[in-house]
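>>> how does the following fold in three dimensions:
(one chain, ligands or ions: 1)
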Amino acid sequence: MRLLLDLHPDSYPLEGFRKRQLLEWVFVQGAGSFEAMTNLPADLRATLGEEYALNPFREIETVRSTDGSVKYLFTLHDGRQMEAVYMPYLDRRTICVSTMVGCPAKCAFCATGAMGFGRNLTPGEIVGQVLAVAGGEGIAPRELRNLVFMGMGEPLLNYDHTMLAARILLHPQALGMSKRRVTLSTVGLPKGIRRLAAEDDLGIKLAISLHAPDEETRQRIIPTGHRNSIVEIMAAAREYQATTGRRVTFEYSMLRGVNDQLWQARELAGLLRGLVSHVNLIPMNPWDGSGFESSTEAEIQAFYDELEARGVDVSVRRSRGKDAGAACGQLALKRPDAVTGSAASA
Ligand code: SAH
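Residues are numbered from 1 along each chain as shown. From the prediction side, this is the model:
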């Protein structure tokens, strides 16, 4: 059966008025079933139900953190699992969505990287995370106004599905999100960054996980980083800016004694010269067996000061959801077959 949410809103299976009703039920009301769409004729609801599935998930579990963030664990129809995080803070409701089960980028400090790669999520499985979180929190889907593609997976390696998901999020008859409030975070793939720059109708924000200004450090913490040099990544970032006119964010997870040295702050400032950018310093969120620890507050401050003194626009991201295992980069599936889904589909 096809997943209705995998379709672009323009290709929903009805015409005119009925199509608008259907879209309204799915994205404005967040209807959980075709039966609930009471202003559609009963035979139409039955036909839709025979041809399409509405819910991409077999099971949804939540873990609430004391700081208010909530981790949503989704079991997909094939038994595989992935997660999203809801962060209701600072008057902003933000959702962090996954684009894959697991991830092939294998960043050494990232819990998802340690799980390996399962499969790409479909557009509907990406968009469905927003609808499910809204439903779980008892709010209308459109009240979730800020979204980051920063959960499990590398969005630019699931390019087409992520782009379609973004178009559904932004579509005025679907979730109607503002492009300024949607951010795609990538491990730094120059080809994908250039492709994204060419999606001129999209205009979502770009964040690049740089994490080190020097090749030696970067390849140590991002083992797949050898395929794309920092020079190439920065060139792609500059092209992206020239094409789109948009500011580029650089993410920098602070790993104690690895990438937090002041000479690295100075090199980073050098790389960013002439680029309209923002640097986000992220205290590393530790997990068992990672072999890394976060830089201390004082070390992060010193790194920050060094950047600021060189005119870099920089901020420190406050960590959320730590006690629920939902902090940035902490998403890790506990079930041994969560990535393959094998036991559940047997
Ligand atoms: N694959 C994409 C998006 C997912 S990760 C990317 O690499 O950007 C989102 C951000 O969290 C990335 O910057 C990633 O490097 C960072 N991250 C991963 N694990 C982390 C951890 N344990 N502590 C801090 N940041 C982490």
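>>> what's the average pLDDT for stretch 299-319?
The average pLDDT for stretch 299-319 rounds to 95.
>>> next, the buried residues of it.
Neighbour counts over stretch 299-319 (16 or more other C-beta atoms under 10 Å) mark 299-300, 302-304, 306-307, 312, 314, 316, 319 as buried. (C-beta placed from N, C-alpha, C; glycine too.)
>>> can you check stretch 78-91 too?
Buried residues in stretch 78-91, counted by 16+ other C-beta under 10 Å: 79-88.
>>> with the buried residues of stretch 299-319 in mind, which one is nearest to the ligand?
residue 319 (8.0 Å; C-beta to the nearest ligand atom).
>>> now for the helix or strand where residue 268 lies, which elements pack on it?
Secondary structure assignment for residue 268, by DSSP states H and E: helix 262-272. Packing contacts for helix 262-272, counted by 3 or more C-beta pairs under 8 Å, 6 or more residues apart in numbering; DSSP states H and E, involve strand 248-254, helix 297-309.
>>> okay, those in TSV with distance to residue 25 next?
Converted to TSV, the helices and strands packed on helix 262-272 look like this (distance: least, C-beta to C-beta, whole Å):
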stretch	distance to residue 25
strand 248-254	35
helix 297-309	47
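>>> need the ones you listed in CSV with distance to the ligand, can you?
CSV is the format used below for the helices and strands packed on helix 262-272 (distance: least, C-beta to the nearest ligand atom, whole Å):
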stretch, distance to the ligand
strand 248-254, 4
helix 297-309, 12
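>>> can you say which of those is nearest to residue 242?
Of all the helices and strands packed on helix 262-272, strand 248-254 sits nearest to residue 242, with 11.0 Å by C-beta to C-beta.
>>> what's in contact with that closest one?
Contact with strand 248-254 is made by 109, 183, 185, 205-211, 237, 240-241, 259-260, 268, 272, 275-284, 294-295, 299-300, 303, 329, as judged by C-beta atoms under 8 Å, 6 or more residues apart in numbering.
>>> which among those end up buried?
Applying 16+ other C-beta under 10 Å to these flags 109, 183, 185, 205-211, 237, 240-241, 259-260, 268, 272, 277-284, 294-295, 299-300, 303, 329 as buried.
>>> and residue 65, how far is that from residue 306?
Distance check for residue 65 against residue 306: by C-beta to C-beta, to the nearest Å, it reads 32 Å.
>>> same thing with residue 221?
In terms of C-beta to C-beta, residue 221 sits 20 Å off from residue 306.
>>> repeat for residue 276
20 Å.
>>> do the same with residue 150
Distance, residue 150 to residue 306, by C-beta to C-beta: 26 Å.
>>> residue 58 now?
Residue 58 is 49 Å from residue 306, by C-beta to C-beta.
>>> circling back to that earlier point, which member of the buried residues of stretch 299-319 is positioned nearest residue 141?
The closest of the buried residues of stretch 299-319 to residue 141 turns out to be residue 319 (C-beta to C-beta; 26.7 Å).
>>> ok, now which ones touch the closest one?
Residue 319 neighbours (C-beta under 8 Å, 6+ apart): 282-283, 285, 327-328.
>>> what about 7 Å?
283, 285, 327-328 (C-beta atoms under 7 Å, 6 or more residues apart in numbering).
>>> check residue 140 too.
28, 30, 134.
>>> tell me the secondary structure of the first one, please.
Reducing the assignment at residue 28 to three states with DSSP: H, G, I helix; E, B strand; the rest coil gives helix.
>>> next one: the last one
State at residue 134, reduced to three classes by three-state DSSP: helix.
>>> chain neighbours aside, what residue packs nearest to it?
Sequence neighbours aside, residue 141 is the residue nearest to residue 134 in space, at 4.2 Å (criterion: C-beta to C-beta, 6 or more residues apart in numbering).
>>> can you pick the most crowded of the contacts of residue 140?
residue 134 (21 neighbours; other C-beta atoms under 10 Å).
>>> compute the distance between that one and the ligand, please.
22 Å (C-beta to the nearest ligand atom, to the nearest Å).
>>> so that residue touches residue 28, yeah?
No: the criterion here is C-beta atoms under 7 Å, and residue 134 misses it with residue 28 at 10.6 Å.
>>> which of the three states applies to the residue of the stretch 201-346 of the chain found nearest the ligand?
For the stretch 201-346 of the chain and the ligand, the shortest gap (C-beta to the nearest ligand atom) falls at residue 329, measuring 1.8 Å. When classified by three-state DSSP, residue 329 comes out as coil.
>>> touching, it and residue 110? I think so.
Yes: at 4.8 Å, residue 329 counts as touching residue 110 under the criterion of C-beta under 7 Å.
>>> about what we covered before: the contacts of strand 248-254 in strands, which ones?
183, 185, 205-209, 277-283 (DSSP state E).
>>> which stretches of the chain form helices?
Ranges of helices in the chain, per DSSP state H, are 16-23, 42-51, 111-115, 123-137, 159-170, 190-197, 215-221, 230-244, 262-272, 297-309, 342-345.
>>> how much space separates the residue nearest to residue 134 from the ligand?
Distance from residue 141 to the ligand, by C-beta to the nearest ligand atom: 23 Å.
>>> read off the pLDDT value for that residue.
pLDDT, read off for residue 141, is 97.
>>> for burial, what's the neighbour tally of it?
21.
>>> ok, residue 266 next?
Neighbour count of residue 266, defined by other C-beta under 10 Å: 14.
>>> for residue 149, same thing?
Residue 149, neighbours per other C-beta under 10 Å, totals 25.
>>> noted, bye for now.
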